[in-house]
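# Would you be able to build a 3D model of this:
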Amino acid sequence: MIKSPVSDVLDPSAQIKSILSVHTNPSQVTAALEFCWSIISQKDPITLDYLHRTQLLFPTIPLLCSAHRMIRARVIEILSVLFSWDPDPIQTLGLRNVQKSPIDGVYRIMLDLGKEMLMAQDGSLDQVMTGVSLLETSIELLKRMDSPDTQEMVQLIVTLIDICLNRYVSMTEGRHVRLLLFIEQ
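Sure, this is the predicted structure:
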């Protein structure tokens with residue numbers, strides 16, 4: 001197939017992938033993600049073929065670690081729509097599957113990534129919130145599984161609640177100690 005400069009203008013996938021891979025200008029990345037979202041939200045086999053052929057969504061997963069909240073949120077939105085209908089999100093995202101089913105495989109990858117974001121010792125609140133959003137998005141995959149294994153997701157949510165409660169108790173105890181110190185002075 002002969003490629004002409006006109007086809008580059010009509011098919012912006014190379015430009016979009018370049019913007020998503022370099023991710024220097026947040027407004028350009030956001031615009032590129034908007035394009036991806038508009039494509040994926042069509043939920044059409046023809047657009048899915050386009051996504052596979054162009055590998056347009058391959059650079060999106062690393063953007064979950066972006067410093068820009070809006071970029072991370074848009075990637076989560078794209079994944080949420082993708083996970084609701086794509087029969088093989090592993091192929092669409094360019095990930096490596098070690099499970100029997102592509103849905104099980106992408107669920108395992110997203111669960112591990114969410115867990116990593118939540119449990120990182122040096123994790124920022126932004127990273128934790130992205131991890132929680134990723135877990136929420138992964139529930140869409142659980143709904144599509146033939147025999148979903150919810151045990152690990154439940155354990156992760158219980159651990160998250162425990163962490164939050166311990167931090168709340170620590171903060172509350174700290175306030176009581178400060179209050180007592182203030183009263184004794």
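# Wait, Arg72 touches Thr130, no?
Yes: between Arg72 and Thr130 there is a contact under CB atoms under 8 Å: 4.9 Å. Using the backbone N, CA and C atoms, a C-beta is placed for each residue, glycine as well.
# Touching both of the two, which residues are there?
Leu64 (CB atoms under 8 Å, 6 or more residues apart in numbering).
# With neighbour numbers in mind, choose between those two.
More crowded of Arg72 and Thr130, by other CB atoms under 10 Å: Thr130, with 24 against 20.
# Let's verify that one: helix, strand, or coil?
At Thr130, secondary structure determined by DSSP: H, G, I helix; E, B strand; the rest coil is helix.
# where are the low-confidence patches of the chain?
The chain contains residues with pLDDT under 70 at 1-9, 23, 121, 123, 167-185.
# let's see 90
Residues of the chain meeting the criterion pLDDT under 90: 1-11, 22-24, 96-100, 115, 117-129, 146-185.
# how much space between Leu51 and Ile39?
Going from Leu51 to Ile39 by CB to CB, to the nearest Å gives 7 Å.
# Please apply the same query to Leu10.
Separation of Leu10 from Ile39 (CB to CB) stands at 14 Å.
# which of these two has more neighbours?
Ranked by neighbour count (other CB under 10 Å), Leu10 and Ile39 place Ile39 first, with 20 against 8.
# Show me what counts as buried in the helix or strand harbouring that one.
In the assignment (DSSP states H and E), Ile39 maps to helix 26-40. For helix 26-40, the neighbour count (16 or more other CB atoms under 10 Å) marks Gln28, Val29, Ala32, Leu33, Phe35, Cys36, Trp37, Ile39, Ile40 as buried.
# Please name every helix or strand in contact with that helix.
The helices and strands touching helix 26-40, judged by 3 or more CB pairs under 8 Å, 6 or more residues apart in numbering; DSSP states H and E, are helix 13-22, helix 45-54, helix 69-85.
# Taking helix 45-54 as reference, get the angle to it.
Counting by axes from the mean of the first three to the mean of the last three CA atoms, to 10 degrees, helix 26-40 lies at 130 degrees to helix 45-54.
# what's in contact with helix 26-40?
By CB under 8 Å, 6+ apart, the residues outside helix 26-40 that reach it are 12, 16, 19-20, 23, 47, 50-51, 56-57, 60, 63, 66, 68, 70-71, 74-75, 77-78, 81-82.
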